[in-house]
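Q: My questions concern the predicted model and sequence given below.
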Amino acid sequence: MRDAVFFEGPEEGRRYSRFWLLIVLASVIAAAGVVADSTATVIGAMIVAPLMTPILGVVLATVLGSRRNLVRCWTLVVLGALSAVAIGYLVGLTVPSPVTALSNSQVSGRIAPHLIDLLAALATGVVGAVALVRKDISDTLPGVAIAISLVPPLSVVGLTMESGAWAEAGGALLLFATNVAAILGSGIVILAPLRHKWEGIDEADAAASTSARPYRSLISIIVSLAIIAIPLATTSVRFSTDALMETRVRQAAEPWAEDAGWQIDGVKVSGGQAEISLTGAPPLPETADLEQALRDAGVAPGDVDVEFVPAYRVELGDEQEQ
């Protein structure tokens, strides 16, 4: 287990060089995948990314009470994360247009984490800890790397910072913090009860407290998770409310639009404010019936904006050909 996650021993230099090589390459791949809006490329960055190793190293060092390895692994996590953000920012400088949620699905999917993301991260941390203990299922680690999102959110932080979208950068950073805290919490819960069964524990680690230290660390991580859960819960509630409103607005608007001969191109809801986009042939339809349908659906008409986009059809004849 130490060989798998600690940066020590005769291979220490090679492990450090491997980590930095992979974190740089993974950050470049992730930033390029986000800019290109390519899910396959972003998944490739997840597989290459080495951040899971020092994070699990923090878990094992906490359980063992190994202060030196705890400091090493935390340093790698922090510096690796900063490197990924910096590379994302630099890649953003080469892109002519801003990379924001409005025009990029890879960004929009990582700036508003919900409680369900915390649940997925907790389960991923359990799998990672179990794979660390049992070599017979260690081949699941590539799947763990795909399941947990570590480097891509950091790339989104850098790209959105360069684009001036600070709120979006904060949301992506919250997703990264959620994933790290969840892995640490669930990993310590899995490994701490097993410590007394392990053999070959380093003498310096064995001299550390075997009862209080892991659990003090676990308590601090649980508190961190509770704090993180507050904005996640807020986002989840807002997302659910907006989704319910979108359904009601669409159900009310579709029959009205069909009767008027117009087509609904989209319904967007954000923060309790809805916008309906329609396309059709002039003249513009009356909205009195739409307002009544919205009231019947439990939606205040004042919370809904309607955008009409007139569509004109022109028949091209032979006389226009040159």
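A: Sure thing, it's come through.

Q: where does this structure have its least confident helix or strand?
A: helix 203-206 (a mean of 55; mean pLDDT, DSSP states H and E).

Q: Walk me through the domains of this protein.
A: According to automatic domain parsing, the chain comprises the domains 2-210, 242-310.

Q: how far is the last one from where the chain is centred?
A: This means domain 242-310. 31 Å (C-alpha atoms, centre = their mean, to the nearest Å).

Q: Straight-line length of it, end to end?
A: Distance between the two ends of domain 242-310: 27 Å, counting by C-alpha to C-alpha, to the nearest Å.

Q: pLDDT (mean, whole number) over that domain?
A: With pLDDT averaged residue by residue, domain 242-310 scores 88.

Q: before we move on, what about stretch 184-198?
A: 80.

Q: Using CSV, write down the CA coordinates of it.
A: The C-alpha coordinates for stretch 184-198 follow below in CSV (Å, rounded to 0.1, in the frame of the first residue of the first chain):
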residue,chain,number,x,y,z
LEU,A,184,-10.7,11.6,2.0
GLY,A,185,-13.7,11.0,4.2
SER,A,186,-14.8,7.7,2.8
GLY,A,187,-11.3,6.5,2.4
ILE,A,188,-10.4,7.0,6.1
VAL,A,189,-13.7,5.4,7.1
ILE,A,190,-12.7,2.2,5.1
LEU,A,191,-9.0,2.1,6.1
ALA,A,192,-9.0,3.2,9.8
PRO,A,193,-10.7,0.0,11.2
LEU,A,194,-8.1,-2.1,9.3
ARG,A,195,-5.0,-0.5,10.7
HIS,A,196,-4.5,-2.9,13.6
LYS,A,197,-4.4,-5.8,11.2
TRP,A,198,-1.5,-4.5,9.1
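
Q: Can you read off the pLDDT for the residue positioned nearest the centre of the chain?
A: The chain has residue 110 as the residue nearest its centroid, 3.8 Å off, counting by C-alpha atoms, centre = their mean. You'll see residue 110 listed with a pLDDT of 88.

Q: quick check, it in a helix?
A: No. With DSSP: H, G, I helix; E, B strand; the rest coil as the criterion, residue 110 is located in coil rather than a helix.

Q: ok, then the element right after the least confident helix or strand of the chain?
A: Using DSSP states H and E, the next helix or strand after helix 203-206 towards the C-terminus is helix 212-260.

Q: how far does that next one sit from the chain's center?
A: Worked out by C-alpha atoms, centre = their mean, helix 212-260 lies 14 Å from the chain centre.

Q: just checking, what packs against it?
A: For helix 212-260, the elements it packs on are helix 52-64, helix 115-133, helix 166-191, strand 263-270, strand 273-280, helix 288-296, judged by 3 or more C-beta pairs under 8 Å, 6 or more residues apart in numbering; DSSP states H and E. In short, each C-beta sits where N, CA and C put it, glycine included.

Q: can you state the direction angle for it and helix 52-64?
A: For helix 212-260 against helix 52-64, the angle by axes from the mean of the first three to the mean of the last three C-alpha atoms, to 10 degrees is 140 degrees.

Q: Report the angle between helix 212-260 and strand 263-270.
A: 150 degrees.

Q: Can you check what angle separates helix 212-260 from helix 166-191?
A: 130 degrees.

Q: Now do the end-to-end distance for stretch 27-42.
A: 10 Å.

Q: Tell me which of the helices and strands packed on helix 212-260 is the most buried.
A: Most buried of those by mean neighbour count (mean count of other C-beta atoms under 10 Å) is helix 52-64; its value is a mean of 25.

Q: Which strands or helices does whichever strand or helix holds residue 83 pack on?
A: Element membership of residue 83 [criterion: DSSP H and E] is helix 67-93. With contacts defined as 3+ C-beta pairs under 8 Å, 6+ apart, helix 67-93 has these neighbours: helix 12-35, helix 52-64, helix 151-162.

Q: weakest of the ones you listed in terms of mean pLDDT?
A: For the helices and strands packed on helix 67-93, where the average pLDDT is lowest is helix 52-64, sitting at a mean of 87.

Q: which residues does the residue nearest to residue 222 when sequence neighbours are not counted contact?
A: Once flanking residues are discounted, residue 222 sits nearest to residue 185: 6.1 Å by C-beta to C-beta, 6 or more residues apart in numbering. Applying C-beta atoms under 8 Å, 6 or more residues apart in numbering to residue 185 gives the contacts 122, 125, 218, 221-222, 225.

Q: same question, residue 294
A: 248-249, 252-253, 300-301, 304 are the contacts of residue 294 under C-beta under 8 Å, 6+ apart.

Q: Count the neighbours of residue 317 for me.
A: For residue 317, the neighbour count with other C-beta atoms under 10 Å is 7.

Q: pLDDT score assigned to the residue nearest to residue 32 when sequence neighbours are not counted?
A: Spatially, and ignoring its direct neighbours in sequence, residue 32 is nearest to residue 41 (6.3 Å; C-beta to C-beta, 6+ apart). Looking at residue 41, its pLDDT is 92.

Q: For residue 104, give me the backbone phi and psi.
A: phi -140, psi 120 (degrees, to the nearest 10).
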